[in-house]
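> Structure for this input, please:
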Amino acid sequence: MEEKKRIIKKVADSVVTMTELVLPHHTNQLGNLLGGQLMHWIDICAALASAKHSQHVCVTASVDRIDFHHPIKLGNVVTLIASVNRAFKTSMEVGVKVYAESHIEGTKKHSNTAYLTFVSVDENGKPTETFEILPETDDEIRRYEEALKRRIARLENRNNSN
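Below you'll find the model as predicted:
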């Protein structure tokens, strides 16, 4: 029987950067970006990062959390940066950092952080194995280790709710 060669990819190989402009139809009555619109952008950016890592279509399995640190205003430029924090057998945790920039004010703020889990699927929509991931920097190693803790908590939560 032929042994399957394990491919290991670097975290840097999965990075996706997306840029959006906040237009009037993206905002609420206060002129702030709608949370649902931001969640949509986060989901797309994270899906692209997981697909880039796994070389398969990836579907959202869960959204662990989205933290809202600062409001994002009409006219702001929103930059989303996603990367795979850790890969498991078929699933991956993806972290997304969101920055809001006002070109008029000359400011840039870290406005949001999100953690999502994606599953790599084959052409029939069935889960398929993904590649291992190698964290290299101190920050990548920290996120890699924290991703395992979040996964354990997520699985315990799932088992307790059944």
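
> With only the CA atoms kept, save the longest helix along the chain in CSV.
The single longest helix within the chain, with elements called by DSSP state H, is helix 138-160. Taking Å, rounded to 0.1, in the frame of the first residue of the first chain, the C-alpha atoms of helix 138-160 are listed here in CSV:
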residue,chain,number,x,y,z
ASP,A,138,5.8,34.1,17.6
ASP,A,139,2.3,35.5,16.8
GLU,A,140,1.5,32.6,14.5
ILE,A,141,2.6,30.1,17.2
ARG,A,142,0.5,31.9,19.8
ARG,A,143,-2.6,31.8,17.5
TYR,A,144,-1.8,28.1,16.6
GLU,A,145,-1.8,27.2,20.3
GLU,A,146,-4.9,29.3,21.2
ALA,A,147,-6.8,27.7,18.3
LEU,A,148,-6.5,24.3,19.9
LYS,A,149,-7.9,25.6,23.2
ARG,A,150,-10.8,27.1,21.4
ARG,A,151,-11.4,23.9,19.5
ILE,A,152,-11.4,21.8,22.7
ALA,A,153,-13.9,24.3,24.3
ARG,A,154,-16.1,24.2,21.1
LEU,A,155,-16.2,20.4,21.1
GLU,A,156,-17.0,20.3,24.9
ASN,A,157,-19.8,22.8,24.3
ARG,A,158,-21.2,20.7,21.5
ASN,A,159,-21.0,17.5,23.6
ASN,A,160,-22.7,19.2,26.6
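
> Return the distance of it from the chain's centre.
Distance of helix 138-160 from its chain centroid, counting by Cα atoms, centre = their mean, to the nearest Å, is 14 Å.

> which residues touch it?
Helix 138-160 has contacts (Cβ atoms under 8 Å, 6 or more residues apart in numbering) with 11, 62, 64, 85, 86, 88, 93, 95, 115, 117, 133, 135. Every C-beta, even on glycine, is put in place using the N, C-alpha and C of the backbone.

> Just the pLDDT at the fourth one, thanks.
Each residue has a pLDDT score; the one for residue 85 is 98.

> Wait, a helix at it?
No - read with DSSP: H, G, I helix; E, B strand; the rest coil, residue 85 is strand and lies in no helix.

> Great, nothing more from me.
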